[in-house]
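S.K.: next input, structure requested:
(chains A, B, C and D)
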Number of protein chains: 2
Amino acid sequence: MTRNLLRRDLTEEITARVLDGRIAADSRINEVHLARELGVSRTPLREALIGLADRGLLVSAPGRGFLVPPFDPDEARRLYPLVAELEALALRWSSPQDLAGLAGGLDRIAAEMTAELEQRGDLSALDHRWHSLLLSRCTNPHLLRLIEQTKPLLKRYDASYFGGTERSRESIDEHLRIAEAIRASDLTTAAELLVRNWVKTLSYLEDMG
Amino acid sequence: MTRNLLRRDLTEEITARVLDGRIAADSRINEVHLARELGVSRTPLREALIGLADRGLLVSAPGRGFLVPPFDPDEARRLYPLVAELEALALRWSSPQDLAGLAGGLDRIAAEMTAELEQRGDLSALDHRWHSLLLSRCTNPHLLRLIEQTKPLLKRYDASYFGGTERSRESIDEHLRIAEAIRASDLTTAAELLVRNWVKTLSYLEDMG
DNA sequence: TACGACCGAAGTGCATGCAATACTGTCCCG
DNA sequence: CGGGACAGTATTGCATGCACTTCGGTCGTA
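M.R.: Next up is the predicted model:
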């Protein structure tokens, strides 16, 4: 049982707030106000902020505290291919046999996605589960850590929040085809499809911007 | 002028101590003792430790503080290919024209390496300069951040500390050939050579272990 | 009006204080 | 002799306190 540290909960909470805009982009963070609002002292709050700055979700300005960087279309254009390449790498560094066993689970999540699409249409949580499962057999924990650290940055720009249903359906279909390649132990194709899924998502996002 | 924060200096200092073993592998860090030794309070020290744990150089054990992970041959086997792929990616995401102009500087550093080899033979600093210069034209700051965060982990296992002169000469030669490919704007070859340099360094390290 | 110096308030960065948890050694019991 | 309970200490995690820097506004001057 892992005792939960306040700074970890705060890290999650602040991440969520930055992602959904409750902490505005291009603004400074007031530690006193935020600490009071969260009902904690500044110490664990600062510890969380420092970690987030290390991961790039915030930037630390000496003497001025922590800032939420402004939205930057260029940043999105760089984050999507980065995550794409990192995930593809993680896939190539997984054992094909182990992966094949995952196909069923992947398909199940994809099915949940289509169901969710009928209702509220918030696929982000399911999408995250799908990708974590896909990469769960990667033998390189450091690579997985980098991916986990980078994906939140991308979520700021995530097209799945804005994306219409037609792109969602298309994306789910792409997910199914990746699982198919996995089942056939064809990692090369799977990695390629994975990258293309990310890139297509980005281009869809750019078309809206 | 960027005011320097205590926690940043401490981050560097602790990193150095972990890398050269002054803070032993497979040991716990005593915050009170270390803070006293460094002449600071526990607050900025803890802030630095948290950052290092986020980057993977330390691990945080709730209720037990921070640990220096033990040496693990498997970890080295995973870090070298990871850094190799990340750097290759950064290279592919650089503009060939910009890169070509770097070749001279790269060769100059390589020359310094051979000179250094005659004397004390500590190539690590020069090697770092060479690689930073090589990647300085990458347009993806997030990727560069990941590389900067990952390379210290690898330094714990860096064969250049143990490597004999024959491997060093060979490696310098490989650096020269990478610069050559750069000059010819052949990024594919350059990236390939770069990966092979890392992989060869690892296999050399494994032969000694 | 535009610009810079100055002053009070606000806020960060670091130090210190405190309570809860984890460690260490001893004792007791099987 | 081995193992578990227990008490005292050590150490972490969080709260609070303090000094210096930064910010915002006003005034004075060119």
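S.K.: pLDDT wise, what is the residue of chain A found nearest DNA strand C at?
M.R.: Using CB to the nearest atom of the strand, the closest approach of chain A to DNA strand C is made by residue A:65 at 3.0 Å. Every residue, glycine included, has its C-beta placed from N, CA and C. Looking at residue A:65, its pLDDT is 98.
S.K.: same deal with residue A:95?
M.R.: pLDDT for residue A:95: 95.
S.K.: which residue, neighbours along the chain excluded, lies closest to it?
M.R.: Of all residues not flanking residue A:95 in the chain, residue A:137 sits nearest, at 6.2 Å (CB to CB, 6 or more residues apart in numbering or on different chains).
S.K.: the one you found: neighbouring residues, count only.
M.R.: 19 (other CB atoms under 10 Å in any protein chain shown).
S.K.: which residues touch it?
M.R.: By CB atoms under 8 Å, 6 or more residues apart in numbering or on different chains, the residues touching residue A:137 are A:94-95, A:98-99, A:102.
S.K.: measure it to residue A:98 for me?
M.R.: As defined by CB to CB, to the nearest Å, residue A:137 lies at a distance of 4 Å from residue A:98.
S.K.: re the thing from before, enumerate the beta-bridge partners assigned to the residue of chain A closest to DNA strand C.
M.R.: Taking DSSP bridges as the rule, residue A:65 bridges to residue A:61.
S.K.: what about it, neighbour count?
M.R.: If you count neighbours by other CB under 10 Å, residue A:65 ends up with 15.
S.K.: in PyMOL, how would I select just the buried ones from the contacts of residue A:137?
M.R.: Provided next is the PyMOL selection string for whichever of those are buried by 16 or more other CB atoms under 10 Å in any protein chain shown:
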select buried, chain A and resi 94+99+102
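S.K.: ok, back up a step: the residue of chain A closest to DNA strand C against residue A:28, yeah?
M.R.: Yes. Counting by CB atoms under 8 Å, residue A:28 is a contact partner of residue A:65 at 6.1 Å.
S.K.: ok, which stretches of chain A are strands?
M.R.: Along chain A, counting by DSSP state E, strands occupy A:27-29, A:59-61, A:65-68.
S.K.: JSON lines for these, including distance to residue A:145?
M.R.: Shown next, in JSON lines, are those (distance: least, CB to CB, whole Å):
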{"stretch": "strand A:27-29", "distance to residue A:145": "25"}
{"stretch": "strand A:59-61", "distance to residue A:145": "20"}
{"stretch": "strand A:65-68", "distance to residue A:145": "22"}
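S.K.: winner for burial among those strands?
M.R.: Compared across these, strand A:65-68 shows the largest average neighbour count, a mean of 18 (mean count of other CB atoms under 10 Å in any protein chain shown).
S.K.: what residues does chain A put near DNA strand C?
M.R.: Neighbours of DNA strand C within chain A, by CB under 7 Å from any atom of the strand: A:3, A:28-33, A:42-43, A:46, A:60-66.
S.K.: grab the nearest non-local neighbour of the residue most central in space within chain A.
M.R.: With distances taken as CA atoms, centre = their mean, residue A:151 lies nearest the centre of chain A, 3.2 Å away. In this structure, residue A:151 finds its nearest non-sequential neighbour in residue A:83, 6.0 Å apart by CB to CB, 6+ apart.
S.K.: quick check: the gap between the one you found and residue B:31.
M.R.: Distance, residue A:83 to residue B:31, using CB to CB: 35 Å.
S.K.: one more: residue A:55?
M.R.: 23 Å.
S.K.: which of those two has more residues huddled nearby?
M.R.: More crowded of residue A:55 and residue B:31, by other CB under 10 Å: residue A:55, with 23 against 16.
S.K.: isn't that one up against residue A:151?
M.R.: No. If you go by CB under 8 Å, residue A:55 and residue A:151 don't touch, sitting 10.2 Å apart.
S.K.: residues contacting residue A:50?
M.R.: A:60, B:7, B:47, B:50-51.
S.K.: which pair in those spans the largest distance?
M.R.: Greatest spatial distance in the contacts of residue A:50: A:60 and B:50, 12.7 Å, computed using CB to CB.
S.K.: dump the residue contacts of residue A:141.
M.R.: residue B:78 are the contacts of residue A:141 under CB under 8 Å, 6+ apart.
S.K.: most remote residue from chain A's center?
M.R.: residue A:63 (30.4 Å).
S.K.: pLDDT weak spots in chain A?
M.R.: Along chain A, the model assigns pLDDT under 70 to residues A:1-2, A:160-163, A:209.
S.K.: near DNA strand D, which residues of it show up?
M.R.: Counting by CB under 7 Å from any atom of the strand, chain A sits next to DNA strand D at A:5-7, A:40-44, A:47, A:63-64.
S.K.: now do stretch A:129-139: distance to the chain's middle.
M.R.: In terms of CA atoms, centre = their mean, to the nearest Å, the centre of stretch A:129-139 is set 13 Å apart from its chain centre.
S.K.: buried residues in that stretch?
M.R.: Across stretch A:129-139, burial judged by 16+ other CB under 10 Å covers A:130-131, A:134-135, A:137-138.
S.K.: ditto for stretch A:97-116
M.R.: A:99-100, A:102-103, A:106-107, A:109-110, A:112-113, A:116.
S.K.: please apply the same query to stretch A:200-209.
M.R.: So, applying 16+ other CB under 10 Å, buried residues of stretch A:200-209: A:200-202, A:204-205.
S.K.: next: stretch A:150-161.
M.R.: Result for stretch A:150-161 [16+ other CB under 10 Å]: buried residues A:150-160.
S.K.: who's in contact with the lengthiest helix in chain A?
M.R.: Of all the segments of type helix in chain A, defined by DSSP state H, the longest one is helix A:187-208. Contacts to helix A:187-208, defined as CB under 8 Å, 6+ apart, come from residues A:73, A:76-77, A:80-81, A:83-85, A:87-89, A:91-92, A:94, A:96, A:99, A:134, A:157, A:159-160, A:162-163, A:167, A:170-171, A:174-175, A:177-178, A:181-182.
S.K.: ChimeraX command for the buried members of those residues?
M.R.: A single ChimeraX command selects the buried members of these (16+ other CB under 10 Å):
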select /A:76,77,80,81,83,84,85,87,88,89,91,94,99,134,157,159,160,163,167,171,174,175,178,181,182
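S.K.: can you show me the helices along chain A?
M.R.: Counting by DSSP H, the helices of chain A are A:6-20, A:31-38, A:42-55, A:73-92, A:96-100, A:103-118, A:124-135, A:141-155, A:159-162, A:165-183, A:187-208.
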